[in-house]
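J.: What follows is a predicted protein model with its sequence.
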Amino acid sequence: EEEEGPLRKKSSCFPHIASSQGMEPGQGELTPAFSLAGEWQGKMEEEKAYSPHGVFAHLEMLEARAHEADMKEEEAKQQEEKLARLKARVQELTLQRDELQAKVDLQQKRQLEKEGVASDPAQPSAQAVLEWKIKRVKAMLQVFCLTGISGKLTKQGVCFCISTAYEGTCLDSYYLDLLTKPEVRILRHSIPIFIPLEQLAKKYLQTDIRRFLSVLSNHLNAYAARKYQADQLQEHFSDQIEGTLQTNSLCNLLVFNYNVPNKSKTFPFNVRLLYGDLCSSIPTKAPASLAEMAAAHSDLFCHVALHKAFRSFSDAGQSAAGAP
Amino acid sequence: MDEIVAEYIRRTVLKIPRDEIKTVLQKWGFLSEVQLQTINFCQIKENISQDVVQLCEENSAGIKQAAVLDIIYNHIYSNKRVWSVYQMNKTGEEMDFFDLTDFKKKFKRRLQSALTNVTINFREYEDNAIWIRIAWGTPYTKPNQYKTSYVVYHSQTPYVFISVSVLKSNLPLLCQALVAASNYHDIHEMELRSHSLNSLKDIVFKRYSQNFQSYYPRPIQERNVAPENSRINQENRNEKERIQRVNLEVFGDGPQPKLEFARYKLETMFKSDPQMNVLNKKEPFRCLVKFSSPHLLESLKSLAPVGMADAPLSPLLTCIPHKARNYFKIKEKKGVSPRSFVSP
């Protein structure tokens, strides 16, 4: 009531300020703010009746909106707090459960030793409940992993786990152990050596860890996706591919041959896919060379004598084949 | 068929255990299935090798095919060689579209421009590993097929695994060719050696089991079952659990990479009052400690649980996979007596 007094006084003079003050996040007490807002609305309605210009009506509407937004924010914050509380509670309960479990085990053993056979009808159900709880917590943790990046506080910092997936298929997970003191530093990791981790760390690790993780996750996901695609191609379409599929560790270059049936004949296609963006699973350079070559050839046919045109083809072929 | 080639194929076949000759030849793919069926693999190896050579003669095998057989042999029995890890460095950060054909071409060109008598063969494996076999000659002698160097390179990584031949003088040339072909700038040895190529790969590619803490449910995480005898006193159990926990933190819960030895070279100066003129020599005191075991890291891991060492082992021993080296040189800190640092 003491706090409400001056506020109400202010609110009668400077309504906007008062109401926004009442809702300031720092103050956190909701009840006075609600009552204030309600009272203030009442007053506004009165005034509306006296001045039909609509300015106040507009103000009122704006205020109502602001009020609503504030409410939502507050709610979100509360939810966050609740989540944090619940998480802490989960930890606490897990600990407690472990302790209790240990005690129960010990007791059971003692009882068994003392009585020989002990059959407690309540025991299996308690066990079942516990198991069910464990299962639930595990399922919860799994849901966290579905987000792609999950972390756990360790003694000296944080250990992040980046899980990759492509089109609904879960692929490999990678770990990153970070030290947070005196400065953020990578302690250990299981990220493949050809992912430019060092460069990314140099760019973002000290300044923006969120960005660092998201870019790293993009790199890993794109790599996993490219590799997955190449594997799929080899696994399911090996009968259509001539020879072997050639790639590299990052899978940012794919070279393979395949036949394109056209009327009664098949054309051998030589594909060279370049993935210029390491954060993308789609090539930046598709085999434009093919179309170019076809165009060049037909162009030659139209302008140069046939035998000369063919001589230039075979010359080009030899230089492409390279050293013997 | 060349006499040298025939003899080389014969000797390579002789190296393979008898039970596995057939599978190796199948992997080679040079002899047809029908031809392989004519060979009696139950006779003594000497005769098998003769038969194989005869069939190769029919197919007129060249040194290229013989070299491929040798690569297959070395790939399967890579533990027979000692592998050393080399690291390459790059200055720029430009994007690298590693092209295998390009790599091969550059590598060959670089070596052949320096040495005409050299046999170079490549073979790619599924894990993006490129195996290179080099038989060295001199300007006046043919390549010696029995003293080959082997290189295993995974594209777009800065690491190269080299098993040098007895002819070490060609190593700088080999390194140069590697650096040029893979678009790096320089190369140096990492002081990490083992017979087990795969373990070396696990170490430098960070594939060995590191114990990462996460909420992610691990597939296998068996709690150690409490001992049957409940009379074992609590204190003892606590200590055991502590050792187990510390060990898990240091070594992780998976199998360790296989290394056979770790070498520590200590170099320090005797310190005494200079006026006393005792032990005041310029020569440093040198000491070499070598740990060897068929499986060094596993044995280190089991030291504490069996009670032969205190629980957190010295970081000098446990840092091996993390630092990716098993040859160490321990020296005094620089600045204490800078005169004493003359590398042997």
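T.: Thanks, I have the structure now.

J.: Point out the residues in the stretch 51-200 of chain A that sit beside chain B.
T.: Counting by C-beta under 8 Å from any C-beta of the partner chain, the residues of the stretch 51-200 of chain A close to chain B are A:105, A:109, A:113, A:138, A:141-142, A:144-145, A:150-152, A:154, A:159, A:161, A:163, A:173, A:175, A:177, A:188-194, A:196, A:199. (Each C-beta comes from the backbone N, C-alpha and C, glycine too.)

J.: Go again with 6 Å.
T.: By C-beta under 6 Å from any C-beta of the partner chain, the residues of the stretch 51-200 of chain A that approach chain B are A:109, A:138, A:141, A:145, A:152, A:154, A:159, A:161, A:175, A:188, A:190, A:193-194, A:199.

J.: Low-confidence stretches in the stretch 151-300 of chain B?
T.: Low-confidence segments of the stretch 151-300 of chain B (pLDDT under 70): B:214-235, B:271-282.

J.: can you map out the helices along it?
T.: For the stretch 151-300 of chain B, the helices defined by DSSP state H, counting those that start in this stretch occupy B:171-181, B:197-204, B:234-251, B:296-303.

J.: Narrow the residues of the stretch 51-200 of chain A next to chain B to those in strands?
T.: Residues of these located in strands (DSSP state E): A:152, A:159, A:161, A:175, A:188.

J.: Drop anything exposed from those residues.
T.: A:159, A:161, A:175 (16 or more other C-beta atoms under 10 Å in any protein chain shown).

J.: Give the buried residues for stretch B:74-92.
T.: Buried, per 16+ other C-beta under 10 Å, within stretch B:74-92: B:74-75, B:78, B:81, B:83-88.

J.: of all the residues you listed, which comes closest to chain A?
T.: Nearest to chain A among the buried residues of stretch B:74-92, counting by C-beta to the nearest C-beta, is B:Gln87 at 10.5 Å.

J.: Now name the helix or strand holding the closest one.
T.: strand B:83-89 (DSSP states H and E).

J.: Any regions of chain A where pLDDT drops low?
T.: For chain A (pLDDT under 70), the answer is A:1-53, A:114-124, A:262-263, A:286-293, A:313-324.

J.: Which residue ranges of it form helices?
T.: Using DSSP state H, the helices found in chain A span residues A:4-13, A:15-22, A:30-50, A:55-115, A:122-145, A:197-200, A:209-236, A:288-303, A:306-321.

J.: so how far is the shortest one from its chain's centroid?
T.: Read that as helix A:197-200. Its chain's C-alpha centre and that of helix A:197-200 lie 19 Å apart, by C-alpha atoms, centre = their mean, to the nearest Å.

J.: hey, C-alpha coordinates of that helix in PDB?
T.: Output in PDB follows, covering the C-alpha atoms of helix A:197-200 (Å, rounded to 0.1, in the frame of the first residue of the first chain):
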ATOM      1  CA  LEU A 197      37.400 -24.700 -36.900                       C
ATOM      2  CA  GLU A 198      40.400 -22.500 -36.200                       C
ATOM      3  CA  GLN A 199      39.400 -19.800 -38.600                       C
ATOM      4  CA  LEU A 200      35.800 -19.800 -37.200                       C
END
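
J.: what comes into contact with it?
T.: The contact list for helix A:197-200 (C-beta atoms under 6 Å, 6 or more residues apart in numbering or on different chains) reads A:191, A:215-216, B:93.

J.: between the residues you listed, which has the most around it?
T.: A:Leu216 (25 neighbours; other C-beta atoms under 10 Å in any protein chain shown).

J.: Pull the contacting residues for that one.
T.: For A:Leu216, counting by C-beta under 6 Å, 6+ apart, the contacting residues are A:Leu200.

J.: State the distance from it to chain B.
T.: A:Leu216 sits 14 Å away from chain B, going by C-beta to the nearest C-beta, to the nearest Å.

J.: Can you lay out the helices of the stretch 151-300 of chain B as CSV showing mean neighbour count and distance to chain A?
T.: Below are these laid out as CSV (neighbours: other C-beta atoms under 10 Å in any protein chain shown; distance: least, C-beta to the nearest C-beta, whole Å):
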stretch, mean neighbour count, distance to chain A
helix B:171-181, 18, 13
helix B:197-204, 22, 7
helix B:234-251, 14, 9
helix B:296-303, 18, 16
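
J.: out of those, which comes closest to A:Leu59?
T.: A:Leu59 lies closest to helix B:234-251 among the helices of the stretch 151-300 of chain B, at 62.7 Å (C-beta to C-beta).
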